[in-house]
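**Student:** Next come a sequence and a model predicted from it.
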Amino acid sequence: MYATLPDTSGTQIQLPQGITKKCLSTSSDFKTGRIYFSEKQDGTSKDDEAFVEMGDGWNVVWNLTNVDSFILPMQLQINYDNGTTQTVGIKSGNTRDGMIHKLEIEMKAAGDDYPASSFFKGNKVIAPGKVSYSGDDKLWSSAIQDGLNSLVKLGQNFSITYGPETYKNFQSIGGGKYSVDLYYNANLVQTVTIWGVNSYNAAAGEIPSDEKNISDKEKQGHRFAALIGSAINRGVLGTPSSWSNQDDYFQGSNRGYNVYAKVIHENSIDKKAYGFSYSDYYGHAAALSLGDANPGSVTLRILPLSNANTVSWDNPNLTVHYDQAPDQGKGTASFNGNASYQQDHISYSCSISDGQKTISSATCTVSSDNSGLSFYSQSAENLAGDTLKVTARDDSNPDIKPVTVEAIIPGKKPTPPVSDTPWYRIWSQGKRATVVKGVQTKTESVGSITHQDIQVANGQLEVQIPGGLCASMI
């Protein structure tokens, strides 16, 4: 089934009672089902689809997940027969475009750890642990190592309890491996070893462990690795007392945590989300229960893709002026800085483009009173005919669409002179000529034959030609 989703109003789908039994597979003890949502209609790949997940291993638990990626802002609501409702998911007021913008801001601020080309794919943001690039095991790595060192320092004083299990005596045993003693109902049952403790494995939920299932009933094997992974993602690894304290998660200016997960959780209802594989540890997952003991129906809600609200800016009147020396690419512009949405939060920025891309060598600065700007080319490049842009945005809400006004910088770029200086082509086989004076423009090879094209500079050409080379004028 395919439906057109309105960009700015969102939509919701009411699912009838009993759909869980129709959608769940029966191929395993833990039956699961998914409902997929996609902007594409070819149905050939689920890589770009958001989904709602359900499983009856826990008496039918429904959940929303962003463990693999963020694609659509969604809410899951259970309408219980007793008249109560519960809702999880992205907070109302957010949109897809707004969430992507928030992720861009936070992940860009973290520097080279989150290269945009690896994580941002159009209307999809890939989660750490699901993308492979040269730094994928080094994200917030210093914070992880500091945390491990703190746990080793605690040593025999380390103790953490989760359900019927208590883990004590954290030790480094060499080779990047760590051990801990596992007590079940106060009885020592095994020593657990973990290794491969890095950000990639933590975000992917794949920290290796030799922990064994204590009983068929519990089936919690590798729980300590999951506890370590959740603490790493939340940035609290070195402080066990903070592992269960939501107020301590994702703190610190050094961003020693999963920045992607931070944005997902902070923009979710009650901060509950699957922003990484083990978000359910200590009860912070976007999951709700539905079954015979608490029957009801399910509402799936897709929030708007974009926001209809736009910054208002009446008659900007952007006027550009050149300074005394237009050929040096320097000038000013004036505009009426009275854009509004939430007036106290409006800011202005400017840029210069050649019609296709921003000119990186051109600097543009808005005045403190938002009445004008100054611009210049760092390379003294003539900017005549290029486009000056001024953008007004509401800093309090990145989801409000900014508005941009632009003007063409006056003047005319000079026509480059036609050179009548001679060119020389030097041929060689397995050898290179050294240009002492002159301008080498390109070198091309055809098989073993190489030629270098050289133009005379300032009437002088001097080339050192090894034996076996010949030169000709072209």
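**Tutor:** Everything's here; your move.
**Student:** hey, let's count contacts and neighbours off CA atoms from now on
**Tutor:** Will do.
**Student:** give me the low-pLDDT residue ranges for the stretch 101-250 of the chain?
**Tutor:** In the predicted model of the stretch 101-250 of the chain, residues 133-137, 215-221 satisfy pLDDT under 70.
**Student:** ok, 90 please
**Tutor:** Along the stretch 101-250 of the chain, the parts satisfying pLDDT under 90 run over 101-102, 104-124, 128-142, 163-164, 184-187, 189, 199-200, 204, 211-222.
**Student:** just so I have it, where are all the strands in it?
**Tutor:** 120-121, 124-126, 159-162, 165-174, 177-184, 187-194 (DSSP state E, counting those that start in this stretch).
**Student:** Now distance to A333 and mean neighbour count too, for those, in TSV please.
**Tutor:** Output for the strands of the stretch 101-250 of the chain, formatted as TSV (distance: least, Cα to Cα, whole Å; neighbours: other Cα atoms under 10 Å):
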stretch	distance to A333	mean neighbour count
strand 120-121	34	15
strand 124-126	37	20
strand 159-162	62	15
strand 165-174	63	18
strand 177-184	61	19
strand 187-194	61	16
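**Student:** Mind putting those into TSV with distance to D97?
**Tutor:** Output for the strands of the stretch 101-250 of the chain, formatted as TSV (distance: least, Cα to Cα, whole Å):
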stretch	distance to D97
strand 120-121	12
strand 124-126	10
strand 159-162	38
strand 165-174	43
strand 177-184	42
strand 187-194	39
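**Student:** and of the ones you listed, who's closest to L151?
**Tutor:** Ranking these by proximity to L151 (Cα to Cα) places strand 165-174 first, at 6.3 Å.
**Student:** so what does the closest one touch, helix or strand wise?
**Tutor:** helix 141-154, strand 159-162, strand 177-184 (3 or more Cα pairs under 8 Å, 6 or more residues apart in numbering; DSSP states H and E).
**Student:** quick one: the first one to strand 177-184, angle?
**Tutor:** Yep, that's helix 141-154 we're talking about. Orientation check (axes from the mean of the first three to the mean of the last three Cα atoms, to 10 degrees): helix 141-154 against strand 177-184 gives 60 degrees.
**Student:** So which bits of helix 141-154 are buried?
**Tutor:** Applying a neighbour-count criterion of 16 or more other Cα atoms under 10 Å, one finds 141, 143-144, 147-152, 154 buried in helix 141-154.
**Student:** again with stretch 65-81
**Tutor:** Buried, per 16+ other Cα under 10 Å, within stretch 65-81: 65-80.
**Student:** ok, the residues you listed vs I269, which is closest?
**Tutor:** Using Cα to Cα as the measure, the one of the buried residues of stretch 65-81 that approaches I269 most closely is Q75, at 9.0 Å.
**Student:** what about G176, neighbour count?
**Tutor:** Neighbourhood size, G176 [other Cα atoms under 10 Å]: 10.
**Student:** from what I can see it touches T193, true?
**Tutor:** No. Judged on Cα atoms under 8 Å, G176 makes no contact with T193 at a distance of 10.4 Å.
**Student:** my guess is I126 meets F70, correct?
**Tutor:** Yes. Between I126 and F70 there is a contact under Cα under 8 Å: 6.5 Å.
**Student:** Touching both of the two, which residues are there?
**Tutor:** Shared contacts of I126 and F70, defined by Cα atoms under 8 Å, 6 or more residues apart in numbering, are absent.
**Student:** Show me the one of the strands of the stretch 101-250 of the chain that comes nearest S268.
**Tutor:** S268 lies closest to strand 124-126 among the strands of the stretch 101-250 of the chain, at 16.3 Å (Cα to Cα).
**Student:** Which residues does the closest residue to S289 other than its chain neighbours form beta bridges with?
**Tutor:** Excluding the flanking residues, the one nearest S289 by Cα to Cα, 6 or more residues apart in numbering is V61, at 4.4 Å. Taking DSSP bridges, one obtains G55, S289 as the residues bridged to V61.
**Student:** Begin at 558 from now on, thanks
**Tutor:** In the new numbering, first residue 558, that becomes V618.
**Student:** what about V618, how many neighbours?
**Tutor:** Neighbour number of V618 under other Cα under 10 Å is 17.
**Student:** strands paired with the one helix or strand L945 maps to, and their directions?
**Tutor:** According to DSSP states H and E, L945 maps onto strand 944-951. Partners of strand 944-951 in the sheet, by DSSP bridges, are strand 903-910 (antiparallel), strand 960-965 (antiparallel).
**Student:** do you know which of those lies nearest N872?
**Tutor:** strand 960-965 (9.5 Å).
**Student:** For V855, which non-adjacent residue is closest in space?
**Tutor:** Closest residue in space to V855, ignoring its immediate chain neighbours: I635 at 4.8 Å, by Cα to Cα, 6+ apart.
**Student:** which ones are touching the one you found?
**Tutor:** Here I635 is in contact with 642-644, 845, 847, 853-856 (Cα under 8 Å, 6+ apart).
**Student:** What is the nearest of the residues you listed to P765?
**Tutor:** L845 (28.8 Å).
**Student:** So the closest one sits against W619, correct?
**Tutor:** Yes. Contact criterion Cα under 8 Å: L845 and W619 qualify, at 5.3 Å.
**Student:** The two: who's more crowded?
**Tutor:** Neighbours were counted for L845 and for W619 using other Cα under 10 Å; W619 has more, 25 against 17.
**Student:** Please report the distance of the more buried one from A843.
**Tutor:** Distance of W619 to A843, computed by Cα to Cα, to the nearest Å: 8 Å.
**Student:** What of K695?
**Tutor:** Distance of K695 to A843, computed by Cα to Cα: 28 Å.
**Student:** the more surrounded of those two?
**Tutor:** A843 (27 against 13).
**Student:** Just want the phi and psi numbers for that one.
**Tutor:** A843 adopts backbone torsions of phi -90, psi 70, taken as degrees, to the nearest 10.
**Student:** Go ahead and confirm it touches N620.
**Tutor:** Yes. Shown here, A843 and N620 form a contact pair, counting by Cα under 8 Å, at 5.5 Å.
**Student:** Skipping its backbone neighbours, what lies nearest K687 in space?
**Tutor:** Per Cα to Cα, 6+ apart, closest to K687 is D625, 6.0 Å.
**Student:** residues contacting the one you found?
**Tutor:** 683-684, 686-687, 833.
**Student:** Top of the residues you listed by number of neighbours, please.
**Tutor:** Ranking the contacts of D625 using other Cα under 10 Å puts F833 first, with 30 neighbours.
**Student:** tell me the contacts of it?
**Tutor:** Contacts for F833 (Cα under 8 Å, 6+ apart) come out as 623-625, 684, 760-762, 787, 790, 818.
**Student:** Could you provide those in JSON lines, with additional columns for distance to N651?
**Tutor:** Listed next are those as JSON lines, based on distance: Cα to Cα, whole Å:
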{"residue": "N623", "distance to N651": "15"}
{"residue": "V624", "distance to N651": "19"}
{"residue": "D625", "distance to N651": "20"}
{"residue": "A684", "distance to N651": "19"}
{"residue": "A760", "distance to N651": "24"}
{"residue": "A761", "distance to N651": "26"}
{"residue": "G762", "distance to N651": "27"}
{"residue": "S787", "distance to N651": "26"}
{"residue": "N790", "distance to N651": "23"}
{"residue": "A818", "distance to N651": "16"}
